[in-house]
Structure formats: structure tokens, C-alpha cells
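# the following block contains a protein sequence and its predicted model.
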Amino acid sequence: MLPGMPIPTEPIGSIPRPPALIEAIVAFQNKQIEAAALGDAYASALRDTIERFEQTGSPVISDGEQSKPSFATYPLSGLNNLAPDGVVIPFADGHVRQLPRLTAKPFRYGVHAAGYLEAARRYTKLPVKQAVISASALSLLYPSAGIPGYSREAFMEDLINEAAADIRGALDAGAATVQIDFTEARLSLKLDPSGKLLRSFIALNNQVLDRFTPEERLHIGVHVCPGGDHDSTHSADVDYAALLPDLFQMKTGRIYLQMASEPDRKRTLRLVSELIRPDHTVFIGVIDPINPVVETAGEVRDRVLEAASFVPLAQLGTTDDCGFAPFADDTSTARDVAFAKIRARVEGTELAARELGV
């Protein structure tokens, strides 16, 4: 817990990219500008994001994922053993996102998260958290038909090594916390209501987490939500009660839960109170990134007080339900709105702390 912030509060990660950056990305893809110009656009967006994050008063910030193509696919940048026709993820509004498909051995990360963290830390002295993609999400790259000469078992061994190295690199580079994005958790129950797929995902992620000490895992968290892309979700209709008992078996010390947009928060918070372990800090979502209306500090305060009636105060934190733009091309939320919502989270959390006497 940080000095002066009795209830810890953290962002999930992504911030909408400025129009100039999105234009530069498109221009680079169309071979209208050189890589150096794109790099300048990334640096400018990162610098502005850090400055505006600091202005919100947030005690922990992120790089806003300004230079990630998406929260899920950043490790794949530069790889030449991928095809575009991988797993399709449908969203409630009808749009889809599609993962690539691995075509040949070996599986290696093209980019590690530590590079993003190192870039961000050049512009700030505040603690910076780093989001990484889960091993379970990347396991979907391996095709059901298999790959000649590269068994699924061999792929999984490589995947676990790479995912652990991604987290280790971020910790070694000075991340205040490392957040594993596990948004496919809730979606897995839509694909397989029996929970077998979910449990296999958690077992895989725990193999990665087994590479870390109990003390290190206190600084590693897992984030779940029903997706948030172009103001739509992929699994909001899946009951949280089917997810949480298994999710709390993840070997992390921090759990980040979408909650502001839950239709029955008290029911879900009651379940959290039954599942929380002494080594957990649970960050409750008090901001809904999909809702264009900016929450007031008073509304956030009330959500924190509600959560505090179920979660032990020493184990309670606040966060946003999801990132504001997990994919680089998502402009459904205005940049100004995202920062206004973050400021409301910080101010509302402080109001609640004062009212609770901490």
C-alpha cells in the first residue's frame, strides 16, 4: 500500500490513443511513413499519456498501452510463423476479433512487456504497473489440427517459459505490479459451461506462476472482465458465480474484478467475501469504461463503501472495470473521458477512505 493512499487504487491499463497516433499507425501500414516517424508518434503519445495520468492524481499509473497493437497480441509483433486465420472472438454487437494461428515451431515472444515499462519509466517517477497477456490466451494460437514436428506438449512448454519470462522481465525492470490479463476466463464458460476449459486455463496459468516465490506473487495480479471493445462485451451474460470459485484458485496476490457494470454487485461481492484468502488484495471495479457518462466522485465513493461492507478493508483496492481501449483502433471512448473517469476513481476512493476513517 502506498503512503497517503490508505485504499490502493490502480488502472487496468489501456487509454484511447490520440488521433495523431492512430493516423500514424495507418500511414505506416500503408507504407506512407517510415518506422522512425511512427516511433516519434508513439513517443509523443506515451509522453502525453504519462503527463495526463499524473494529473489525475493516480498513485499508480500505466503507459496506457500506447505502443501495443492490442493487450493480447503484443508478444506476436515481428513473428513470421503466424497465419491470420486463428480463433474468432465474437462480441455482443456483432463485431469480431480474430487471433492469428501458429504455423510452425518454435513459439517465441517477438516482444516482451519489459520494453514498454522501460519506455514509460523514462517519463515518470510514479510507480508504473505493467499488464501482460495470459499464457491461456496465447494457448489459443496452437491449431486444433496440430503442427507437424511440434507437438502441443512442446508448444505448451515453450509457452510457459515465454510467459514466465515476460512477467520476470517486467518485475526485474521495476514494475510496481504486474497484471495478467485473463479476459478469456469468463468467455471460456460461454464456450464450455462445464468449466473444464476454464480450469485448464487456470492450471496453465498456475504453471507459469509456480516460477515465482510467494513474495513475488504478492506483486502479481490477475484481471478478469467480460471484454470491452468498441463499447461491447463478449461474455457479460455469463454468471460471475460460475467463474469466481475457480478464479480464486489462481496463485496471485492481487485480483482485479470488473464490478461497476455488474447488474447485481451485492450478490457478487458476497461471493467474493466467501472466497478471499488472507494473502489477497481484491481490486473492485468502480468505473465503467463502456458507459460514456463520467462517474462523479460521490458515485465512486458509494461503490467503494458498498464493497467495503463485504471485503475486509485491509484487502480492498479499487480499479476500472476494464481498459479503455484494449485494441489500438478502438476509438469508442474519448481520451478526455477516460482521464476524467480515472480522476473520479482516485477522488472517490479518497472520499471513501476518509469516511471509513483510514
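On my side now, so go ahead.
# packing partners for whatever helix or strand Ser136 lives in?
Using DSSP states H and E, Ser136 maps to helix 135-138. Counting contacts by 3 or more CB pairs under 8 Å, 6 or more residues apart in numbering; DSSP states H and E, helix 135-138 is packed against helix 152-172, helix 184-191, helix 196-209. Yep, even glycine has a C-beta here, placed from its N, CA and C like the rest.
# span of stretch 100-117 from start to end?
Separation of the first and last residues of stretch 100-117 by CA to CA, to the nearest Å is 25 Å.
# numbering from 15 from now on, please.
Right, with 15 as the first residue, what we last looked at is stretch 114-131.
# in that stretch, which residues are buried?
Residues of stretch 114-131 classed as buried: Pro114, Arg115, Leu116, Phe121, Tyr123, Val125, His126, Ala127, Ala128, Tyr130, Leu131 (neighbour count, 16 or more other CB atoms under 10 Å).
# for the chain, which segments count as helices?
33-43, 49-69, 128-135, 149-152, 166-186, 198-205, 210-223, 228-231, 254-261, 279-289, 311-322, 349-370 (DSSP state H).
# okay, the ones you listed, which one's buried deepest?
Mean neighbours per residue, mean count of other CB atoms under 10 Å, is largest over these for helix 149-152, with a mean of 24.
# for that helix, C-alpha coordinates in CSV please.
Extracted C-alpha coordinates of helix 149-152, given in CSV (Å, rounded to 0.1, in the frame of the first residue of the first chain):
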residue,chain,number,x,y,z
ALA,A,149,-0.5,-17.9,-21.2
SER,A,150,-4.0,-19.3,-21.5
ALA,A,151,-4.9,-16.6,-24.1
LEU,A,152,-1.8,-17.4,-26.2
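# got the contact list for that helix?
86, 89, 173-174, 177, 195-199, 214-216, 218-219, 221-222 (CB atoms under 8 Å, 6 or more residues apart in numbering).
# returning to what we had before: dump the helices of the chain to a markdown table, plus mean pLDDT.
Output for these, formatted as a markdown table (pLDDT from 0 to 100):
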| stretch | mean pLDDT |
| --- | --- |
| helix 33-43 | 94 |
| helix 49-69 | 96 |
| helix 128-135 | 96 |
| helix 149-152 | 97 |
| helix 166-186 | 98 |
| helix 198-205 | 92 |
| helix 210-223 | 98 |
| helix 228-231 | 96 |
| helix 254-261 | 96 |
| helix 279-289 | 97 |
| helix 311-322 | 98 |
| helix 349-370 | 97 |
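# coming back round to it: how far off centre is the helix holding Ser150?
Its chain's average C-alpha position is 13 Å from that of helix 149-152, according to CA atoms, centre = their mean, to the nearest Å.
# one more: stretch 85-100?
18 Å.
# again, but for stretch 254-274
13 Å.
# quick check: closest non-adjacent residue to Ala149.
Leaving aside its chain neighbours, Ala149 sits nearest to Ala177 (3.9 Å; criterion: CB to CB, 6 or more residues apart in numbering).
# and what of Thr282?
Using CB to CB, 6+ apart, the closest residue to Thr282 is Tyr254 (4.9 Å).
# where's the one you found relative to Phe262, distance?
12 Å (CB to CB, to the nearest Å).
# so what's the closest residue to Asp343 other than its chain neighbours up against?
Nearest-residue entry for Asp343: Ile36, 6.8 Å, with adjacent residues in sequence omitted and distances by CB to CB, 6+ apart. Listed by CB under 8 Å, 6+ apart, the contact partners of Ile36 are Ala342, Asp343, Thr345.
# adding pLDDT and distance to Val238, write the residues you listed out as TSV.
What follows is the contacts of Ile36, written out as TSV (pLDDT from 0 to 100; distance: CB to CB, whole Å):
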residue	pLDDT	distance to Val238
Ala342	82	22
Asp343	85	23
Thr345	83	25
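# filter those to the buried ones?
Ala342.
# out of the contacts of Ile36, list just those in strands.
Among those, no residue falls in strands (DSSP state E).
# for the chain, which residue occupies the most central location?
Asp195 (4.0 Å; CA atoms, centre = their mean).
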